[in-house]
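J.: quick one: sequence plus predicted model below, questions after.
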Amino acid sequence: MKLVMNVDWSSGPLSSSLHAFISLILTLAQEISYVCKPLGGESLGFDINFIPGLESFIKDQIHANIGPIMYAPNVFPIEVAKMLSGSAVDQAIGVLAITLHGAQGLKNPDKFSGTPDPYVVVSFNNGVPLAQTKTVKENASPKWNETKYVIVTSFNDIATLQVFDYNEYRKDKELGTATFPLERVQEITEHENESLEVMSNGKARGAIAADFRFFPVLEGRDLGDGKKEAPPESNTGIARFTVEQAKDLDGTKSLIGQLSPYAVLLLNNKEIHVTKKLKRTNNPIWDNGSTEILITDRKTAKLGLVIKDDRDLAADPILGTYQVKLDDMLRLMEKGQEWYNLAGAKTGRVKMTLQWKPVALSGVGAAGSGGYVTPIGVMRIHFKNARDLRNVETLGKSDPYGRVLLSGVEKGRTVTFQNNLNPDWDEVVYVPVHSVREKLLLEVMDQESVGSDRTLGSLELVTADYIKEAESGEFLVHDTKKPQAGTLRVHGKGSPKGTLNFTASFYPCLNVADPEDEDEAEATSKKSTERGRLSLDSEKSSKSDNSLAKQLAEGEKEQEETTEEKKLPKIRLTPEELIKYESGLIIFKILDTELTHSNVHVEVVMDDMAFPSYSSSLIRTKRAKLDEIGDCFVRELDFSKITLRIREKGEKIDEKKVDTVAKLSGNTLDTLKQCLVSFSTNSLKTHTDHLRTTQQS
């Protein structure tokens, strides 16, 4: 056996990191020792390897499977960096969206089989099926036009697209396989119009047209000293749901007092994972109790657990249940809750954990809201001035501006004062916030005409200091506007230099009912699950058990850990009543675009602001479906102006020179009235570019 260690070293002026993996190569076939005793165990069983030829056959099969993985010259990579960091190697790093447009010239290896009825099965490394398209009847050049979402755990995997010919009477025949290495999305996350050759036995059997987009797990900004800030709030993401063990299960349900328990994990009453069935124990510990699932609507997701006793001949009786909202379980996890008392049982408790990894799905007609979370209110930050700022210029002085970041994303900024270490901005920035756990970063930057802007220092603002709840659950206004003076540190370290003078306030949003949410609540619930790493709309998802759903709901009423949360009554407003409010948030959705330019951004600019309230992801084609949601704050509705503009691709937005391709401005009130009735199609001046948008308050 030989171990080959590849080490990649990268360093910069402020930090250094070591990335390593070990390549495992077996230079010789290994001798494998085993026994086969299928009957009678140790006392009565016999080793069936005594059957002539069977032992050599089994060993040949073992070597045939291990060889392509780690026998020389093949290499089995072990990701040491992940192991040393304490993160599990098999944990999700993101979601891959595969849009299967269609195929061309599919050939059936059997000349007498006629025109195929093709469908595609998506997997990694020809492993467990993760998603499947519909079947197109009698068509060698089918059009599927379906998007499948699969959870990615390693860039070393290969996405395999197996094409099958459906047959009603015999086993479906594989026509061939197309592959896409995931290492390609590690640096460039979008690959459009890929033509992948379908191969079978070394021969081309057609081609598949597909798009690949990778959405990484969102992480908080690195604060140094091994610490990270909280990741951004997102309504979509990956949940790792784990049942570790159970204790004191009700043994009276077994004639011998000893159970053979196993656990079934559910999401919205649909089975997503089943653990091993353990024998003769009332205190089981499962080593395979984890599953990762893609959640497309966190607000409606409910996790369930059913403990059953394995019976060989009779139906498996239920030993206990537990059901909890995903958001509630995350709150219980924050309080240190690990053990939960089973409902519908005399005795028994279970240890469960939940990890949440936010992922912002957007730009591919993704299910859900693309990760958008409705704000609970807005923070009002008044940048008054700064004094005695750090000078980072060799000639002259710094050119400072102030900005607000939420989870590392810029949410607003002031204008730039040129050649000034004591700027008087006197500007107000409104930032929508989504929970009391969020933190804002107030940062002063030095604007650069060439290269990236440089930080002059920052300070942290904890929203929990300003957001308070009444006993009714209603958020309270915090508008004392107490003057504050914060010292600025670069990346939170080193000696302070400079002072930022500001005020901070919080204004909650009214709990206004959204008619669309109420109408689609049931439909959304059905679409919010993935089986393991399965696609959202996989045809192989488990059937819902109505009786089990009823039992879970009844058991939920007995649970001690979860209490019915106080819910504010929804305020139902007509469009006429809504527009009487002078200030608030407009939440809008950009549906699709028809443009004369590619590689552009769509932006929304309010009033006389120099910088946009919303900027879309890069639109690479002239016609695109976005389905992106954003928001903007309106100070005075009667006098407000809203501008839609198309800006050429660029890393930085210059307040003096914006590369605007086209724009359209109008009264916010008139635009809101129009969009409250239905979606609108807007033609932007200067060029014949069209946007189809919907807006709502």
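T.: Sure, I can see it. Numbers count the residues shown, from 1 in each chain.
J.: alpha carbons only for contacts and neighbour counts from here, please
T.: Noted.
J.: on the three-state scheme, G257 is what?
T.: With DSSP: H, G, I helix; E, B strand; the rest coil as the basis, G257 sits in coil.
J.: tell me, how many residues neighbour it?
T.: The number of residues packed near G257 is 12, by other C-alpha atoms under 10 Å.
J.: and this structure, what are its domains?
T.: Annotated domains of the chain cover 2-85, 94-216, 377-508, 575-696 [automatic domain parsing].
J.: in TSV, list the ones you listed along with mean pLDDT.
T.: Listed next are those as TSV, based on pLDDT from 0 to 100:
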stretch	mean pLDDT
domain 2-85	61
domain 94-216	91
domain 377-508	90
domain 575-696	78
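J.: now those domains in a markdown table, with distance to T281?
T.: Output for the domains of the chain, formatted as a markdown table (distance: least, C-alpha to C-alpha, whole Å):
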| stretch | distance to T281 |
| --- | --- |
| domain 2-85 | 19 |
| domain 94-216 | 31 |
| domain 377-508 | 41 |
| domain 575-696 | 51 |
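J.: turn the ones you listed into JSON lines, including mean neighbour count.
T.: Output for those, formatted as JSON lines (neighbours: other C-alpha atoms under 10 Å):
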{"stretch": "domain 2-85", "mean neighbour count": "13"}
{"stretch": "domain 94-216", "mean neighbour count": "18"}
{"stretch": "domain 377-508", "mean neighbour count": "18"}
{"stretch": "domain 575-696", "mean neighbour count": "17"}
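J.: for these, which one sits closest to L548?
T.: L548 lies closest, by C-alpha to C-alpha, to one member of these: domain 94-216, at 25.5 Å.
J.: tell me how far E556 lies from G304.
T.: Distance of E556 to G304, computed by C-alpha to C-alpha, to the nearest Å: 10 Å.
J.: more neighbours, the two?
T.: G304 (25 against 21).
J.: so for the more buried one, what's the pLDDT?
T.: pLDDT for G304: 93.
J.: so which elements touch the lengthiest strand in the chain?
T.: Using DSSP state E, we find that the single longest strand of the chain is strand 203-216. Judged by 3 or more C-alpha pairs under 8 Å, 6 or more residues apart in numbering; DSSP states H and E, the packing partners of strand 203-216 are strand 94-104, strand 173-181, strand 190-200.
J.: okay if I get these as a markdown table plus distance to F475?
T.: Rendered in a markdown table, the data for those read as follows (distance: least, C-alpha to C-alpha, whole Å):
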| stretch | distance to F475 |
| --- | --- |
| strand 94-104 | 34 |
| strand 173-181 | 48 |
| strand 190-200 | 41 |
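J.: so which of those is nearest A72?
T.: Closest of the helices and strands packed on strand 203-216 to A72 is strand 173-181, at 21.2 Å (criterion: C-alpha to C-alpha).
J.: relative to strand 190-200, how tilted is that closest one?
T.: Put simply, strand 173-181 runs at 140 degrees to strand 190-200, going by axes from the mean of the first three to the mean of the last three C-alpha atoms, to 10 degrees.
J.: restricting to C-alpha, output strand 173-181 in PDB.
T.: The C-alpha coordinates for strand 173-181 follow below in PDB (Å, rounded to 0.1, in the frame of the first residue of the first chain):
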ATOM      1  CA  LYS A 173     -32.900  -0.400 -21.000                       C
ATOM      2  CA  GLU A 174     -29.900   2.000 -20.500                       C
ATOM      3  CA  LEU A 175     -29.100   3.800 -23.700                       C
ATOM      4  CA  GLY A 176     -25.900   5.500 -22.300                       C
ATOM      5  CA  THR A 177     -24.500   7.900 -19.800                       C
ATOM      6  CA  ALA A 178     -23.300  11.500 -20.000                       C
ATOM      7  CA  THR A 179     -21.000  13.000 -17.300                       C
ATOM      8  CA  PHE A 180     -20.200  16.400 -15.800                       C
ATOM      9  CA  PRO A 181     -17.300  16.800 -13.300                       C
END
